[in-house]
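> next input, structure requested:
(2 chains)
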Amino acid sequence: MDMFLQQVLNGLTLGGIYSLVALGLTLVYGILHVPNFAHGAFYMVGAFMSFHLMSAWGWNYWLAMTGSAATVALLAVLAERLVFHPLRHASGLHPMIAAIGVLLFLEAAAQAIWGADFQRMQTPYNSIIDLGGVTAPAQRLLIIGAAFTLMVVLHLFLKKTVMGSTIIAMAQNRDGASLVGIDANRVAMLTFAISGVLAAVAATLYAPINLVYPAMGHLVITKAFVIIILGGMGSVPGAIVGGMIIGFAESFGAYYISTDYKDIIAFMLLVVILSFRPQGLFTKGVR
Amino acid sequence: MANLKGKLGWLLLISVGLAFPWLAGNDYYLTVMSTAYIFAIATIGLNLITGYTGQLNLAHSGFMAVGAYTVGILTVDYHFTFWAAFALSGVVAAALGFFIGLVSLRLKGHYFSIFTLCVGYIMFLVIEKWDGLTHGTVGILGIPAPEAIGSITFTTPLALYYLVFFWLVVGMWAMRRIVNSLLGRTFIAIRNGDELAESLGINLMRNKVLAFMLSVFYAGMAGGLYAGFVRFIGPSIAGVEHTFDMTMYMLVGGLGTLIGPLLGALTVPWLTQYLQFLQEYRFIVFGPILVLLVIFVPNGIVGSYLAWRTRRTDLKGKNA
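This is a model prediction of the structure:
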């Protein structure tokens, strides 16, 4: 039973991180209708920035997270301005290939700056907390708490503020949104900034229980894509539910099936689901 | 006239290819060019599904790995001759492509690309983790060189160069036949509008799966050649970066043109040679190039040339 609860805890940790990354991806997809392959690189840069600010500049964990979030938000806005904005009328393959170009550039740049080695990020929360038989590293509890807080904040932002509503309006109907006077450029930049912040925060939360290296975004981003296909591309609740499904599938799969193959579980799930529902689990029609 | 131009193009391609060893003058350049040919074969295949049928396949290097591992496993663990294993490399990749195509091709556009990205990862992870079959992260060492055919041996870089070049020409020739046939026109019709194509009585699913299988058949063959050429393979050949490289080749040359992918695959690697000092950082330069190409030269060298020629003939027509 304790082992079961332990897996629930792991599932919540992974699910929280995956949901944050998938949320950024799904918001951008809603606005641009392009799968942003560079999002994984944003995640990776976020981890490296925090790592750098902490180890080289001696900033504390939370300050480093803030600095990293600001940097990646800026980077994401730049990518929107320089790459995706000029391609907004292009269809099909080209924006996707451009996103790959951004991904390749950021990874190579990170490798040139910080090297290809695996780095370990320190965390101020090293203690192990005993929750009546289930032991939980404090960092994991922090991830769960922070991830869910951020999700609630994002939800309130989208539902309760005017700026949030403009994002939803534009995702629902681009032409309609510009008819009622919404500035498409501003909304696109804002959305990219939010997605950058979410990626950087997720990376800074997760890095202390994992490692920091240039290719660290690959698996996370690929799983985030699986999540938004499951949850419906562009759907915010879908990203959260999908993130939890994959997080739990992975932590239970690692325990009950095989640790070696845990990374494949999410992809296998996708293959099986799409074989039966080509439009994803929660999407009504094929886009 | 067009036919004559086509023949001239072939003559040029073949004579430059045959003369290259004398122009190059050393084995290092021969090896670089042979590797470029191998990736060109895979890229020509990728172009069939991505350029002609309009779906960005991100699992292509995975299929190349399937071909390479078919040769590696069969020759080293089961003592097949290289040629026997090589004959199977494309077939195994195409057979796997049949099943993956069956699932993935019901997906449209972005879903397809993301799905194939995942498939590529599954292939990479399976190769890395399934020690018993694939030798895991160690890779497969000691793959035999292609055995001699009659008095022709394949032990020198020069002989290997001509071997790879031979298969490139065969691959190009076959692709030309495919693209210019009814089947090729069907693929193009699907790219331009699959609902319209379906309304004309084209069986979408069957043709898409066929295009996918043919495409990955090329990848498998290229992988098989790679195994015989380099004689060592590891999980990294399944890495998605190779697919990205091939996507760049296609885009530089021109998506959905016959000669474009070949042109891209033969020119870009030379750029890498001159950017040797960058080595693993080459994407610092390539990434922005890819972005600039997409924005400013979306049709590549060949596509832009064709557009320029059409404009010129149009102008001439008006003046006359």
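> below-threshold pLDDT in the stretch 151-300 of chain B: ranges please.
B:272-280 (pLDDT under 70).
> in the host helix or strand of A:Ala98, what's buried?
Assessed by DSSP states H and E, A:Ala98 sits inside helix A:93-114. Counting neighbours by 16 or more other Cβ atoms under 10 Å in any protein chain shown, one finds that the buried residues in helix A:93-114 are A:93-111, A:114. Yep, even glycine has a C-beta here, placed from its N, CA and C like the rest.
> ok, and of these, which contact chain B?
A:93-98, A:100-109, A:111 (Cβ under 8 Å from any Cβ of the partner chain).
> returning to what we had before: direction included, what does the following helix or strand past the helix holding A:Ala98 pair up with?
Downstream of helix A:93-114, the first helix or strand assigned by DSSP H and E is strand A:128-131. Strand pairing for strand A:128-131, determined by DSSP bridges: strand A:134-137 (antiparallel).
> I'd like the next helix or strand past the strand it pairs with.
helix A:138-160.
> report the mean confidence score over whichever helix or strand comes after that following helix.
Following helix A:138-160 in sequence order, the next helix or strand is helix A:162-172 (DSSP H and E). Mean per-residue pLDDT for helix A:162-172: 86.
> mind listing residues that contact helix A:162-172?
With Cβ atoms under 8 Å, 6 or more residues apart in numbering or on different chains as the contact definition, helix A:162-172 has outside contacts at A:27, A:30-31, A:157-159, A:176-177, A:180, A:182, A:184, A:187-188, A:190-191, A:234.
> go again using 7 Å as the cut-off
With contact meaning Cβ atoms under 7 Å, 6 or more residues apart in numbering or on different chains, helix A:162-172 is reached by A:27, A:30-31, A:157-158, A:177, A:182, A:184, A:187, A:190-191, A:234.
> in this structure B:Pro157 contacts B:Tyr28, no?
No. Using Cβ atoms under 7 Å as the test, B:Pro157 is too far from B:Tyr28 to be in contact (8.7 Å).
> which of the two has more neighbours?
B:Pro157 (18 against 11; other Cβ atoms under 10 Å in any protein chain shown).
> does stretch B:204-220 reach chain A?
No. Against chain A, stretch B:204-220 shows no contacts by Cβ under 7 Å from any Cβ of the partner chain, the least distance being 11.4 Å.
> now do stretch B:182-191
No. Residues of stretch B:182-191 contacting chain A under Cβ under 7 Å from any Cβ: none, with a closest distance of 9.2 Å.
> can you give me the helices in the chain?
Reading this off chain A. Applying DSSP state H to chain A gives helices spanning A:2-32, A:39-55, A:61-79, A:93-114, A:138-160, A:162-172, A:174-179, A:184-206, A:217-231, A:236-256, A:262-276.
> wait, chain B was what I had in mind.
Taking DSSP H as the criterion, chain B carries its helices at B:2-24, B:27-47, B:60-76, B:82-104, B:109-129, B:131-134, B:157-180, B:182-192, B:194-199, B:204-230, B:240-253, B:260-274, B:282-296, B:300-319.
> need the winner for burial among those.
Sort the helices of chain B by mean neighbour count, taking mean count of other Cβ atoms under 10 Å in any protein chain shown, and helix B:60-76 sits at the top with a mean of 28.
> which helices and strands sit right next to it?
helix B:27-47, helix B:82-104, helix B:109-129, helix B:204-230, helix B:240-253 (3 or more Cβ pairs under 7 Å, 6 or more residues apart in numbering or on different chains; DSSP states H and E).
> and it with helix B:240-253, angle?
120 degrees (axes from the mean of the first three to the mean of the last three Cα atoms, to 10 degrees).
> sorry, back to before: for ChimeraX, what selects the buried ones among the contacts of helix A:162-172?
In ChimeraX, this line selects whichever of the contacts of helix A:162-172 come out buried by 16+ other Cβ under 10 Å:
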select /A:27,30,31,158,177,182,184,187,190,191,234
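> closest to chain B out of the contacts of helix A:162-172?
In terms of Cβ to the nearest Cβ, no member of these lies closer to chain B than A:Gly234, at 10.9 Å.
> please name the nearest non-neighbouring residue to the closest one.
A:Gly30 (3.7 Å; Cβ to Cβ, 6 or more residues apart in numbering or on different chains).
> check B:Thr81 too.
B:Glu147 is the one closest to B:Thr81 (Cβ to Cβ, 6+ apart), at 5.6 Å.
> ok, and what's touching stretch B:149-163?
Taking Cβ under 7 Å, 6+ apart as the rule, stretch B:149-163 contacts B:21, B:27, B:30-31, B:33-34, B:145-146, B:148, B:229.
> greatest separation within those residues: which pair is it?
Taking Cβ to Cβ, the two most distant members of the contacts of stretch B:149-163 are B:Met33 and B:Ala148; they sit 22.5 Å apart.
> got the residues of chain B near chain A?
B:50, B:54, B:56, B:103, B:106-108, B:110-111, B:113-115, B:117-118, B:121-122, B:125, B:129, B:244, B:247, B:251, B:280-281, B:283-284, B:286-288, B:290-291, B:294-295, B:298.
> let's see that with 6 Å instead.
B:56, B:103, B:106-107, B:110, B:114, B:117-118, B:121-122, B:125, B:129, B:244, B:281, B:283-284, B:287-288, B:290-291, B:294-295, B:298 (Cβ under 6 Å from any Cβ of the partner chain).
> can you pull the contacts of the residue of chain A found nearest chain B?
Going by Cβ to the nearest Cβ, chain B is nearest to A:Phe105 of chain A, at 2.8 Å. A:Phe105 makes contact with B:287-288, according to Cβ atoms under 6 Å, 6 or more residues apart in numbering or on different chains.
> I'd like the contacts of stretch B:149-163 as CSV, with distance to A:Gly40 appended.
Converted to CSV, those look like this (distance: Cβ to Cβ, whole Å):
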residue, distance to A:Gly40
B:Pro21, 42
B:Asp27, 39
B:Leu30, 37
B:Thr31, 33
B:Met33, 34
B:Ser34, 33
B:Ala145, 39
B:Pro146, 39
B:Ala148, 47
B:Phe229, 32
